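Student: based on what follows, work out the 3D shape:
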Amino acid sequence: MMLCMAARTGRNLQRYNNQHHRLVVGCIPYRYKCEKMNGSSEDELEVLVISSKKTEAMMFPKQGGWESDESVEEAACRESLEEAGVVGKVECELGRWVFKSKSRELYHQGFMFPLLVTQQLDLWPEHTARTREWMSVSEARKACQQWWMREALDILVNRLKSPSLEQKNQD
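Tutor: Sure thing, here's the model as predicted:
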């Protein structure tokens, strides 16, 4: 697999919706941490949060936009690689949220996806500009200041806890 180690810059390929909201895409990178407890192992869900480039705020990888030369899934993968240094499998969309930009009087429409992490890189395009940290769901919910990202996290947790249709049919 060939990975690009430079972050995209500029907005000449940026997508906007009919209300002139900039379209942005992000992921909630997650994995299961296996812990030994009383002789048995228990899988604990962990999510990866990153620091903002401008503040100490923690968030999920998202800042960049969805560009016209890529699918929404490709944009989600690119953001996770550029901002968090992780690669994985993009899963079904968690939802779409409209929110106001913190730096300007603009609105964005954000698309969020779960990303089941398969690889974590030691070096990635924004490794000098951001920190990353694996957290429990409760820690991430407290650390993430953006309401719509917390909603996306709740949707992910509920989806992962729900039994699959196959399990329901076997009962």
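
Student: quick check: mean pLDDT of the lengthiest strand in the chain?
Tutor: With secondary structure taken from DSSP state E, the chain has its longest strand at strand 22-37. Over the span of strand 22-37, the pLDDT mean works out to 84.

Student: what of stretch 95-110?
Tutor: In this model, stretch 95-110 has an average pLDDT of 82.

Student: just the endpoints, please. Distance across that stretch?
Tutor: Chord length of stretch 95-110, first to last residue, is 8 Å (Cα to Cα, to the nearest Å).

Student: tell me the pLDDT at Pro165?
Tutor: To be clear, residue 165 is Leu; Pro isn't right here. For Leu165, the model assigns a pLDDT of 46.

Student: and what of Arg150?
Tutor: Looking at Arg150, the pLDDT reads 95.

Student: longest helix in this structure, please.
Tutor: Longest helix of the chain, by residue count under DSSP state H: helix 147-161.

Student: quick check: angle from that helix to strand 22-37?
Tutor: Counting by axes from the mean of the first three to the mean of the last three Cα atoms, to 10 degrees, helix 147-161 lies at 50 degrees to strand 22-37.

Student: list the buried ones in helix 147-161?
Tutor: Neighbour-count burial for helix 147-161, counted by 16 or more other Cβ atoms under 10 Å, picks out Trp148, Met149, Arg150, Ala152, Leu153, Ile155, Leu156, Val157. C-beta coordinates here come from the backbone N, C-alpha and C atoms, glycine included.

Student: can I get those residues in a markdown table with distance to Arg96?
Tutor: A markdown table is the format used below for these (distance: Cβ to Cβ, whole Å):
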| residue | distance to Arg96 |
| --- | --- |
| Trp148 | 9 |
| Met149 | 13 |
| Arg150 | 15 |
| Ala152 | 10 |
| Leu153 | 15 |
| Ile155 | 11 |
| Leu156 | 14 |
| Val157 | 18 |
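
Student: about what we covered before: by contact count, what packs against the longest strand of the chain?
Tutor: With contacts taken as 3 or more Cβ pairs under 8 Å, 6 or more residues apart in numbering; DSSP states H and E, strand 22-37 sits against strand 40-51, helix 72-79, strand 86-90, strand 107-120, helix 147-161.

Student: what comes up buried for that strand?
Tutor: For strand 22-37, a neighbour-count test (16+ other Cβ under 10 Å) marks Arg22, Leu23, Val24, Val25, Gly26, Cys27, Ile28, Pro29, Tyr30, Arg31 as buried.

Student: now the chain, which segments are flagged as low pLDDT?
Tutor: 1-12, 35-43, 63-64, 102-104, 163-171 (pLDDT under 70).

Student: who touches stretch 13-20?
Tutor: With Cβ atoms under 8 Å, 6 or more residues apart in numbering as the test, stretch 13-20 has contacts from Arg22, Leu23, Gly65, Trp66, Glu67, Ser68, Asp69, Tyr107, Gln109.
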